[in-house]
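**Student:** 3D, please:
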Amino acid sequence: MGKTFGLRRRKYDWMTKVTGPLLISIPLDKVSLPCLAPTEMDTDALVVSIALDKVTVHHLEPAAAHTISSTQAGGEATTLCSPSTFGELKSKLALSIPEWVAMSPECVEGPPVIILCRPVCHFNANAIIKYTLRIECDGAWNVWLHDKHVELVQHPVFFHAPKKVSTYEELLSVITTLENTKICIGHPDVKYYSLLRHRNGLFFDRTGTKLQAYKDAVLLQKPTIRATDCELLLSVDSQYCRCRRCINIRSLLRTALSRFNRIFGGVSHKTDVASHVNNRFLNLEERQEKLEKQHHSIRLLKKKLDHLKSKIATITDQVGFNIGPETTSDLSTIMEGENRNVQKLYPEGSFQRIFWDQQLEAAKYQKACNMKWHPLMIKWCLYLRYKSSGAYELLRESGCVKLPSQRTLRDYTHVIKKATGFSLELDAQLMKAADIECLEMWQKCVMLILDEMKIREDLVYDKCTDELIGFTDLGDINNHLLQFEKSLQDQQTPTLADSMLVFMVGGLFISLQYPYAQFPCASITGDLLYNPVWEAVYRLERCGFQVMGITFDGASANRRFLSLHGTNANTVVHKVPNKYASDGRFLYFFSDPPHLIKTTRNCLASAARLMQNNQKQISFQHIRDVFFQDKAKSLGLSLLKKIKLEHIKLTSFSKMRVDLAAQVLSESVSKAVELIGGVEAAETAKFLIMFDKFFDCLNVSNCSEGHQQRKPFREPYRSADDFRLKWLEEDFLGYISDWETYVKNIDGVSQKMRQKMLLSPQTLLGLKMTDHQSVAIAVEKDKVKVSTSAKQVNHFQSEKN
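**Tutor:** Alright, predicted model coming up:
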C-alpha cells in the first residue's frame, strides 16, 4: 500500500447530503472513490475510508488520446457513463491525464454519472479538490470550482467547448479547457475587509435587499471579495486578473469604502482642514490629527505662495519692462487706431463701449483730476472697491487700467450725511432708486422688514458733526421716555448701544432692496418698537408706496409689538387696518420664514423636548439613525445625498444656518425616514413632509423652479383659488390644531411636560400668523395684481434660503 494524501472538499452536494468539509484518504498507487454514504458525526467534518482496489492513479507520462467508440461489438449503444465503458475510460484517463481522479458510476445513486476530480496539493500532503467535472448520462456536463458551481451559460471560457460530451476527444477538450484557466482573484485588497466586517461579509445595494458582493475565503489561500455573479474562471491568456463582473463591482466598492471611511474613521471629513465640525465633538486624537493637517496645509500654502512669488519675479526680470511716457503714447496710438473696430463691435451705451471710451479719454490727460467719469463707470468701481479695497488700489496703481481714486469714490458714497433714524434725504433717495414716478400702482407694493443685530459697544468721534456716536437713539419720543425712566432710577449716564435696529424696504413685484433706517439701542422692547414702525409706514405711504406688510422674527420685543395690536390674548394677530392707507388696506404681519425653519429644526433636534403625536414620537434620533444606516449600507447612490455630519451634529454656528435646516426638513429626508424607520418613525416622516410643503409655499422665487424640481408647492401663485391656499388653511393648520388637541387630552401630564411635547410657543405663534396672512393676502386679488413674469415675481417673505 503506497503513500496516501488527503482530499479536502466542501459541500459535496452532488455526492451526498452531507454539508461541511469532507476528508478522503486516497493511496497514490490505487485510489478508489466508492459510493459515499453520510456518517453521523458531532463535528462538521466527515472522514470516509476508501478501498484500495477500485480506482488507481499512476504517475505516467501523457499518452496520445484514444477514441472510445459509442457502440460495442454487439452493436448496443453505450455512453461514457455506462459501466462497460467506464473501465476503458479510466484506463485512458490514467494514461493521458493522471492528475484527474475518476469515480465509478456504480457508486452514485440515481442515473449513472461520471465524476472527475482534479486535486491540488497544499500544506503537508493534504490536497484540495480544485475542479470537479460531472458528466450526466445524456452527455451534459457541469463544473465545480472547489465547492462553487460555475455557471456555463454565456461563460467566455467555455464558449467554444462542446455542449455535450459523448466521445473521449470531447471529454479531453473540456478537461484541457479547464487546465488552461486561472481563478478570478476578485478583490483581495485588505482595505475592503473593514467595509464588509460590519455587514457579516455581505455587500448589499442601497436598498439593502439585493446582494452585490460577498467575502470568499475558499477558492484562494487569501480571502477576497467577489461579485455575486462572479464568473470564477478566466483564460490563462487573459490580460486581466479578475472577471468582468468583479471589475464592474470594484468602482462601487471604492465609493462605498470612501464613504465608510469618511463617516466611521480613516480619512474622515471631521478632521479635514475645511471641516466645520466643532472641536468639542472630536476626541483628543481627532483634534491632534486636524491640527496636524492644518499645519501641513499652511506649510503647503506658504510654499506655494513663495513659489508663485519667485516665478512672477523671474518672469518680470526676463520679459518685463517699465511703462514710460513713450510706451503710454504708443498704447494711446494703438487704442485710437482700433477705436473704429471697437465701435462697430459694441453698441452705443453698452458697458464695454463706455469702458473703452473712458480709458481712451483718460489716457489723454496728464492729471487724473481733469477726468470726468461716467456714472456707470463709477458704479462699477464702487462695486470693485466693495469686494476688495486692496485689490482695487492694486489694480489702479498698476497703470494698466485708468480708474478713479478712492477720494473720488468717497464723494459718491458720502452724499447723504450719516445719521440714525429717518431723514428726508433718505426718502428722496429711496424714491429715486425705485423710480416711483414711472411705476404702476401694483408695482408700488412693498414690504417693511425689520431686524435687530448685535454690534460692539464703543464710542466714535465724528469730526464733521462734533458728536460722539455710539449711544442709544430710538427717536425723539422714545429718547425722552428712556431719559424719564432713568431719572426715576437715578441713572443719568447715557447708555452705550450694543445692538442696531434696522429697517429695510423690499419690493413685492420689482427688484428693490433698500436699507431705510437704523436705530442704535441697548435692549429694545415692544413698547419702544411701536412708534418707529408706524412712523416708517407713514413715511413710505407718503412717498407713494403701498406698504402691504411687515416681516420680523420671533424675538420677544416683536411678539410684544404684536400683542399691542390685539384685543384678545388667545387670538393670533396677523393683520391690522393700515391707518395711513387711503384705500383702507390691511397691514399684514409676517413671521420671518427662514427664522421659522431654523426654530422648527432646533425644536426637533432639542434633547429637552419630547415631541409626540398619535402615541408616536417625533424625534431627531430617527433622522440620526437613518443617516448612519444609509452611510453604512449604501453604495454609490444615497438616500440622503445632501445630509452630512454637520446636519446631525449641530453647533451654535450650524444652528443659525438656514440651508442646513431646510435640507433636514425636506421631502427626501421624510421618504428616507419612512422607508428605513418604518412604523415607529411614521410621525417623524409626516412632520418632515408637512413642514417641507409649508416652507415650499413661502419660497416661490420664479416661474420655472417648481416645474424643474417637480415640486408643485413651489409653482407660482396665479389665482386666489390655488390649491395651496386651501392646504395652508385646512391641512396644515388642521395638523397643528390636531397635534395641540392630542397633547391637551393626555391625562396625568403636567403643563410643563405638555409644552415639551409640542413646538415652542414662539414657533407655533409664528407658524399660525404666517399661515393666516399668506392666505389672507392672496385672497385680496382685486387689490394686488400678481404678475406671472419671472422677472417680477420675488420672494417677499424676507430673504432667500
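**Student:** tell me which stretches of the stretch 451-600 of the chain form helices.
**Tutor:** In the stretch 451-600 of the chain, the helices defined using DSSP state H, counting those that start in this stretch lie at 476-488, 526-543, 556-563, 593-605.
**Student:** which of the ones you listed sits most buried?
**Tutor:** Most buried of the helices of the stretch 451-600 of the chain, by mean neighbour count (mean count of other C-beta atoms under 10 Å): helix 593-605, with a mean of 22. The way it works is simple: take the backbone N, C-alpha and C, and place the C-beta from them, glycine included.
**Student:** for the helices of the stretch 451-600 of the chain, which one sits closest to F204?
**Tutor:** Closest to F204 of those is helix 593-605 (C-beta to C-beta; 29.7 Å).
**Student:** what about H307, neighbour count?
**Tutor:** By other C-beta atoms under 10 Å, 10 other residues sit near H307.
**Student:** mind checking the SS state of it?
**Tutor:** helix (DSSP: H, G, I helix; E, B strand; the rest coil).
**Student:** so what's it up against?
**Tutor:** The contact partners of H307, by C-beta atoms under 8 Å, 6 or more residues apart in numbering, come to none.
**Student:** give me the nearest residue to F590, chain neighbours excluded.
**Tutor:** What sits nearest to F590 in space, not counting adjacent residues and going by C-beta to C-beta, 6 or more residues apart in numbering, is T551, at 4.2 Å.
**Student:** what's the first-to-last distance across stretch 395-412?
**Tutor:** 20 Å (C-alpha to C-alpha, to the nearest Å).
**Student:** per-residue confidence averaged over that stretch?
**Tutor:** Taken as a whole, stretch 395-412 carries a mean pLDDT of 85.
**Student:** count of residues packed around Q762?
**Tutor:** 19.
**Student:** I meant to write H414 there.
**Tutor:** H414: 10 surrounding residues under other C-beta under 10 Å.
**Student:** for the helix or strand where L257 lies, packing partners?
**Tutor:** Element membership of L257, judged by DSSP states H and E, is helix 244-264. Applying 3 or more C-beta pairs under 8 Å, 6 or more residues apart in numbering; DSSP states H and E, we find helix 244-264 packed against helix 193-197, strand 211-216, strand 224-227, helix 620-633.
**Student:** tell me where the stretch 251-400 of the chain has helices.
**Tutor:** 284-319, 325-337, 339-345, 351-362, 375-387, 389-397.
**Student:** least confident of the ones you listed, on average?
**Tutor:** Mean pLDDT is lowest for helix 325-337 out of the helices of the stretch 251-400 of the chain, coming in at a mean of 71.
**Student:** picking up where we left off before, nearest to G734, of the helices and strands packed on helix 244-264?
**Tutor:** Comparing these against G734 with C-beta to C-beta, the closest turns out to be helix 620-633 (23.3 Å).
**Student:** now the closest one: buried residues?
**Tutor:** 620, 622-623, 625-627, 629-631, 633 (16 or more other C-beta atoms under 10 Å).
**Student:** give me the phi and psi for the residue nearest the centre of the chain.
**Tutor:** Closest residue to the average C-alpha location of the chain: K642 at 2.1 Å, with C-alpha atoms, centre = their mean. The phi and psi torsions at K642 (degrees, to the nearest 10) take the values phi -100, psi -10.
**Student:** among the helices of the stretch 451-600 of the chain, which gets the worst mean confidence?
**Tutor:** Among the helices of the stretch 451-600 of the chain, helix 476-488 scores lowest, with a mean of 57.
**Student:** helices and strands of this structure: which one has the lowest mean pLDDT?
**Tutor:** Least confident helix or strand of the chain, by mean pLDDT, DSSP states H and E, is strand 46-48 with a mean of 30.
**Student:** and the residue nearest to the centre of the chain, how close does it get to S737?
**Tutor:** 32 Å (C-beta to C-beta, to the nearest Å).
**Student:** cool, L252 as well?
**Tutor:** Distance from L252 to S737, counting by C-beta to C-beta: 48 Å.
**Student:** ok, H707 next?
**Tutor:** According to C-beta to C-beta, H707 and S737 sit 32 Å apart.
**Student:** check L384 too.
**Tutor:** From L384 over to S737 (counting by C-beta to C-beta), the distance is 54 Å.
**Student:** more neighbours, these two?
**Tutor:** Remark: of L384 and S737, L384 carries more neighbours, 16 against 11, as counted by other C-beta under 10 Å.
**Student:** I figured that one was touching G390, is that so?
**Tutor:** No: counting by C-beta atoms under 8 Å, L384 stays clear of G390, with 11.0 Å between them.
**Student:** can you show me the strands along the stretch 401-550 of the chain?
**Tutor:** Ranges of strands in the stretch 401-550 of the chain, per DSSP state E, counting those that start in this stretch, are 445-454, 460-462, 467-469, 499-507, 513-521, 546-552.
**Student:** return the set of buried residues in the fifth one.
**Tutor:** When neighbours are counted by 16+ other C-beta under 10 Å, the buried residues of strand 513-521 are found to be 516-521.
**Student:** which other helices and strands contact it?
**Tutor:** Applying 3+ C-beta pairs under 8 Å, 6+ apart, one finds that strand 513-521 contacts helix 424-434, strand 499-507, helix 526-543.
**Student:** then the longest one?
**Tutor:** Based on contacts counted as 3+ C-beta pairs under 8 Å, 6+ apart, the elements that strand 445-454 packs against are strand 499-507, helix 526-543, strand 546-552.
**Student:** quick check: angle from it to helix 424-434?
**Tutor:** 130 degrees (axes from the mean of the first three to the mean of the last three C-alpha atoms, to 10 degrees).
**Student:** strand 445-454 pairs with which strands?
**Tutor:** strand 499-507 (antiparallel), strand 546-552 (parallel) (DSSP bridges).
**Student:** list of residues touching the last one?
**Tutor:** To tie it back to what came earlier, the one meant is strand 546-552. Against strand 546-552 from outside (C-beta under 8 Å, 6+ apart): 441, 444-451, 508, 533, 537, 540-541, 558, 561, 578, 580-581, 585, 587-592, 773, 777, 784, 796-798.
**Student:** any of those buried? List them.
**Tutor:** Counted by 16+ other C-beta under 10 Å, the contacts of strand 546-552 give 444-451, 508, 533, 537, 540-541, 558, 561, 578, 580, 585, 587-592, 773, 777, 784, 796-798 as buried.
**Student:** check contacts around the residue lying closest to S405 once chain neighbours are set aside.
**Tutor:** Spatial nearest neighbour of S405, chain neighbours left out: A368 (6.7 Å); criterion: C-beta to C-beta, 6+ apart. Going by C-beta under 8 Å, 6+ apart, A368 touches 362, 402, 404-405.
**Student:** buried among those? Need that as a selection in PyMOL.
**Tutor:** Burial among the contacts of A368 is assessed by 16+ other C-beta under 10 Å; the matching PyMOL selection reads:
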select buried, resi 362+402+404
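**Student:** mind putting the contacts of A368 into JSON lines with distance to Q612?
**Tutor:** As requested, the contacts of A368 are exported to JSON lines (distance: C-beta to C-beta, whole Å):
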{"residue": "A362", "distance to Q612": "71"}
{"residue": "K402", "distance to Q612": "69"}
{"residue": "P404", "distance to Q612": "64"}
{"residue": "S405", "distance to Q612": "66"}
